[in-house]
Structures are given as structure tokens and as C-alpha cells.
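Enquirer: quick check, what structure comes out for this input:
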Amino acid sequence: RPAARRGGRLKPGVSTRRSARCDDVNPDPSPGTAARGTAIITRPTGQSGSLAAALGQRGFASLLLPVFDIAPVTRPALVQRVWARSAEFDLIHFASANAIKHFFAHRPPGQAFKPGALIAVMGPGSRAVVTPFLGDAPVQIVTPGQELAPAQPAALDSETLMVTLETVLPGGFVGKRALLVKGDGGRDWLARALTEAGMQAEGIAVYRRLCPLMTPAQADSLCARAAAAEPTAFVVTSSEGAQNLVTMLAPEAALMAWALATPVVVTHARVAQRARTLGFTRVLLSAPNDDAVVRTIESAC
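Expert: The predicted structure follows:
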């Protein structure tokens, strides 16, 4: 991949392009005359539609800036071998919608899960993705915090999921088997927690997450937003996403300064902490659903 020179060293995975328009960036923008503003959504490609639609209904524009490139694994045979044992697992956990799509892309004809198995996904978006793949299979879909009342929005994380599993896993954890389907890297907290609870947990990476290069069109769009000094907020939903955003912006010093001073809406306390560590000064924590994110953006803009 091309590399950008920073401090005399080459940093892989960062665009070498520099936009002249970024010289016009105001690093401390103030709201302009527009009643509404723009949300810069950093979710992976194909996962921003519902949020963009909700924002549009409230008068906000959306600028899509995916901070992950999703790529297939280099050894798909490993995924196919796991599929051959799919009926062995009492719990199958999908870390993301991409994990669902890439895992089922390797499904052999007729291969099924164990009857009564729990299919754990991390929120309503992933539930909607996995449901068509499961059809009428005799399995149960589980989401973090599903046992809570609607007035108590749950954190969509592994810690909350573990509490939920304690209430729905028949007979408890001991002696059962779990398959954790995910992308490469990421947290391994859930695997450790399940193992400590007595399960046999194994993981399989079904896709790779890469930090993309900033395209010329993306750089121009961001620079135009910054120069306009109109209400803008970033939406960042993972710690790795926050890091990738900074990596993508790094070659553009003025654009980076503007971004770090722009509100960034995050959906977990862990992501908020990472964003502050990276230098973002206006970090706003939201519940992990589209309506809450929209309300938080409204408060920021």
C-alpha cells in the first residue's frame, strides 16, 4: 500500500494525498446559519443506511466515511472446517453483521446448527441480518440485555451479553461448547469469560478489517465541511474505528485539528475513553441505537 511520511518514517496504510482545500480549515468551527447539520458516519460500508435515514427525517445530512475496509480471510478452508462441526456448538456468537455475512457465505448445503442452540448477536441490526439465514431452524436468537425493560437501554457489549446468557442458557455454562465468529483482531473478553464459566470456547475469524486510505473525494468532502464551519458531528462506534479515523486523517494536519475539535458521538464508554486518549475534545456518549444517536447529534449541533 502507499505510505505517508510522518516524522521521517513511513506509516503504511495512510494516503499520501494532500488537498489544498484543507489549508482553509478552521480548527475551531462555530455553528453557521443552517438549522441542521451533517453527521459523518464511520461505520463499515453498507451499515449506515438506517442511521442516515433517521438523521434525514430530522433534517440532517449524512456523509459516509467508512473507517474499515472489510476483506475475506486468506484461508477460507478453516471456516469450512468449522461449518462441518456446526452441530457441536450450544452457543454461536456473531460479533458483527459482517461476521454473520462472511460466515454464512461458506455454509455447505444442508449444514445446520444443533437444535436448541443459542445464536447470540450484538443488537437489532445483527438480528435482522441473521434471521433470514436461520429460516425456521430450531434455534434461539439472543441479544445483550434482552431481559431488561424497554426503559432500560442495554449496552450492546460482551459484558452485558454474558449477563443475558446466564439467564437463558439451559443448565448453565459447564460442559457446553461455544463458537465465537468474528473478524481478525478485536477483544477476547467474551472468550475468556465463557471459559472461566466452564464452557469450551473457540473462535474463528471470517473476515479481515483493514484501515482504508482516504480517497481524494472523501478528503475534499471533509475539507468542504470544515471550511463551511457549519454544525457537524462524527459518529464512531468502536475503539478501533476511532484509531482508524485518526490514522486516515493524519496526513492532513489542519483537517486533523478540525476533527479533534468537532463533536464525536460514541456508543460505549470504552470508545469514549479511547477517543479522548486520541485527542478528541468533544466526546459525547450515546445509547447504542439510532434514535439515541440522532438525539445526541441534535444536542451537539
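
Enquirer: distance check, residue 73 against residue 209.
Expert: To residue 209, residue 73 is 11 Å away according to C-beta to C-beta, to the nearest Å. Using the backbone N, CA and C atoms, a C-beta is placed for each residue, glycine as well.

Enquirer: can you map out the helices along this structure?
Expert: In the chain, the helices defined using DSSP state H lie at 49-57, 76-83, 97-104, 124-134, 158-168, 189-196, 216-228, 239-249, 253-261, 269-278, 290-300.

Enquirer: flag the shaky bits of the stretch 101-250 of the chain, pLDDT-wise.
Expert: 149-154 (pLDDT under 70).

Enquirer: could you export the helices of the chain as TSV, including mean neighbour count?
Expert: Formatted as TSV, the helices of the chain follow (neighbours: other C-beta atoms under 10 Å):
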stretch	mean neighbour count
helix 49-57	16
helix 76-83	14
helix 97-104	22
helix 124-134	16
helix 158-168	16
helix 189-196	16
helix 216-228	18
helix 239-249	22
helix 253-261	20
helix 269-278	18
helix 290-300	18
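
Enquirer: pLDDT at residue 10, what is it?
Expert: Residue 10 is assigned a predicted lDDT (pLDDT) of 26.

Enquirer: so what's residue 169 up against?
Expert: Each residue near residue 169 by C-beta atoms under 8 Å, 6 or more residues apart in numbering is listed here: 90, 91, 118, 176.

Enquirer: for the first one, list the residues it contacts.
Expert: Neighbour list for residue 90: 114, 116, 117, 118, 169, 176, 177, 178, 199 [criterion: C-beta under 8 Å, 6+ apart].

Enquirer: closest to residue 293 out of those residues?
Expert: residue 118 (27.9 Å; C-beta to C-beta).

Enquirer: please tell me I have it right and the closest one contacts residue 146.
Expert: No. Between residue 118 and residue 146 there is no contact under C-beta atoms under 8 Å: 11.4 Å.

Enquirer: between those two, who's got more neighbours?
Expert: Between residue 118 and residue 146, counting by other C-beta atoms under 10 Å, residue 118 is the more crowded of the two (22 against 14).

Enquirer: how close does the nearest residue to residue 160 once chain neighbours are set aside sit to residue 130?
Expert: Computed as C-beta to C-beta, 6 or more residues apart in numbering, the closest residue to residue 160 that is not its neighbour in sequence is residue 144, at 3.9 Å. Distance of residue 144 to residue 130, computed by C-beta to C-beta: 14 Å.

Enquirer: and what of residue 41?
Expert: If you measure residue 41 against residue 130 using C-beta to C-beta, the figure is 22 Å.

Enquirer: got it, and residue 232?
Expert: Shown here: residue 232 relative to residue 130, a distance of 34 Å by C-beta to C-beta.

Enquirer: repeat that for residue 74.
Expert: Applying C-beta to C-beta to residue 74 and residue 130 gives a distance of 25 Å.

Enquirer: hmm, residue 64 is touching residue 41, no?
Expert: Yes. The criterion here is C-beta under 8 Å, and residue 64 meets it with residue 41 at 5.6 Å.

Enquirer: which one of these two has more residues nearby?
Expert: residue 41 (24 against 18).

Enquirer: need the contact list for the more buried one.
Expert: By C-beta under 8 Å, 6+ apart, the residues touching residue 41 are 48, 51, 52, 62, 63, 64, 65, 235.

Enquirer: how about residue 102?
Expert: Applying C-beta under 8 Å, 6+ apart to residue 102 gives the contacts 70, 72, 73, 79, 206, 207.

Enquirer: tell me the contacts of residue 235?
Expert: 39, 40, 41, 42, 43, 51, 264, 265, 293, 297.

Enquirer: between those, which is closest to residue 190?
Expert: When the contacts of residue 235 are ranked by distance to residue 190 (C-beta to C-beta), residue 43 comes first, at 21.2 Å.

Enquirer: relative to residue 175, how far out is the nearest residue in space to that closest one that is not next to it in sequence?
Expert: Using C-beta to C-beta, 6+ apart and skipping residues adjacent in sequence, the residue nearest residue 43 is residue 237, 6.1 Å away. As judged by C-beta to C-beta, residue 237 and residue 175 stand 35 Å apart.

Enquirer: more neighbours, those two?
Expert: Taking neighbours as other C-beta under 10 Å, residue 237 and residue 175 compare with residue 237 leading, 23 against 10.

Enquirer: surely that one touches residue 265?
Expert: No. Residue 237 sits out of contact with residue 265 when judged by C-beta under 8 Å, with a separation of 9.0 Å.
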